[in-house]
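*Asks:* structure for this input, please:
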Amino acid sequence: MSASIVLHDLAWAPPGRSPLFSDLNLAFGPERTGLVGRNGVGKTTLLRLIEGRLTPQGGTVTVKGRVALLRQTVQVDGSETIADLFDAKHALALLGRAEAGLADADDLGRADWTLEARITSALGRLSLDATPDTRVASLSGGQRTRAGLAALLFEEPDWLILDEPTNNLDREGREAVIDLLAEWRSGAILVSHDRELLEMMDAIVELTTLGATRYGGGWSAWRARKTLELEAARRDLADADKRLTDLARTAQRNAERKARSDSAGRASAARGDQPKILLGARKDRAEDTGGEQSRLAERRLDQAEGAARTARERIECSSR
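*Replies:* This next block holds a predicted model:
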């Protein structure tokens, strides 16, 4: 089974506020993806929907594969140990009883004899000199991050979910996150403002008020593409504004022409130099033609205003 995350017609809104997502369709494959966008657009909310901590108000979230979330800040008390981070305290205690000859047959059947060696191996991958009994409170901030990463890798997940993983980390902790992502070859979704991390991504997904757009490559490739899109949107806005100006001038000329024609018609009718039936027919034709031209002008104006509005939205999103 290939790992994947698919969002179909996803909808969610904070209580009493406008929707963050409406009919959002997005798919993630087994690659490293950076999730970017302005503050408040819904990046962290999207991660929580993927993790299952929030329930969609519409649409579906389909996750294939095991998901693991990196704890950004390890909150500890004086008794918490590395074994607690690995959720292995009880399993290790069972092994202790077995080694002391105090385990019954059921305990021996449930014992994971490779557990301690696998925990030690995971800690070693992060260059952390610690044992399952090491108290987390005795570790530095960077060492705690390494321990958290080791526990995460120990789960052998198909997906890593990382929300601003390098915020408030010391150099050692930040390097641990960078090293992990550099060698990671499964699925990962990262929310971050850290350009070095985003540069390592295989793809960037940008969230805006207009929806979500996927770009191949890391941060530099995404910024280069955004620069081109911004230039194109500005050209489109200039063209739309010119079209609006031209339409306004045409409408003014048509209005002046009609006013002159109406004035001439009234003058001719006052002089009585044309039959009334002919004047009536001309008036009807003029009204029909004028109505058709007015409707055509309105359609063209609506199209030009729509094009200008779309271009402005694109500029607003691309400039952030």
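*Asks:* helix or strand with the lowest mean pLDDT in the chain?
*Replies:* helix 276-318 (a mean of 59; mean pLDDT, DSSP states H and E).
*Asks:* run through the chain and note the low-pLDDT ranges.
*Replies:* Within the chain, the stretches with pLDDT under 70 are 1, 71-76, 258, 261-298, 300-320.
*Asks:* which stretches in it count as strands?
*Replies:* Ranges of strands in the chain, per DSSP state E, are 4-12, 21-28, 32-36, 58-64, 67-69, 159-163, 187-191, 203-208, 211-216.
*Asks:* list the buried ones in the first one?
*Replies:* Read it as strand 4-12. 4-5, 7, 10, 12 (16 or more other CB atoms under 10 Å). C-betas here are computed from N, CA, C, even on glycine.
*Asks:* export it as PDB, just CAs?
*Replies:* The C-alpha trace of strand 4-12 is given here as PDB (Å, rounded to 0.1, in the frame of the first residue of the first chain):
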ATOM      1  CA  SER A   4      -1.100   8.900   0.600                       C
ATOM      2  CA  ILE A   5      -3.200  11.700   2.100                       C
ATOM      3  CA  VAL A   6      -6.200  12.900   0.100                       C
ATOM      4  CA  LEU A   7      -8.500  15.800   1.000                       C
ATOM      5  CA  HIS A   8     -11.700  15.800  -0.900                       C
ATOM      6  CA  ASP A   9     -14.100  18.800  -0.900                       C
ATOM      7  CA  LEU A  10     -12.800  19.600   2.600                       C
ATOM      8  CA  ALA A  11     -14.700  22.300   4.500                       C
ATOM      9  CA  TRP A  12     -14.000  23.700   8.000                       C
END
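*Asks:* partners of that strand in the sheet?
*Replies:* According to DSSP bridges, strand 4-12 forms sheet pairs with strand 21-28 (antiparallel), strand 58-64 (antiparallel).
*Asks:* what angle sits between that strand and strand 159-163?
*Replies:* On the basis of axes from the mean of the first three to the mean of the last three CA atoms, to 10 degrees, strand 4-12 is oriented at 40 degrees to strand 159-163.
*Asks:* quick one: contacts of strand 4-12?
*Replies:* Contacts to strand 4-12, defined as CB atoms under 8 Å, 6 or more residues apart in numbering, come from residues 19-30, 42, 45, 49-50, 54, 56-65, 159, 187, 189.
*Asks:* next, count neighbours for residue 50.
*Replies:* 22 (other CB atoms under 10 Å).
*Asks:* who are the contact partners of residue 85?
*Replies:* Taking CB under 8 Å, 6+ apart, one finds 74, 136, 147-148, 150-151 in contact with residue 85.
*Asks:* no no, residue 111
*Replies:* 91, 94-95, 98, 103.
*Asks:* can you tell me which of these has the most neighbours?
*Replies:* Ranked by neighbour count (other CB under 10 Å), the contacts of residue 111 have residue 94 at the top, with 20 neighbours.
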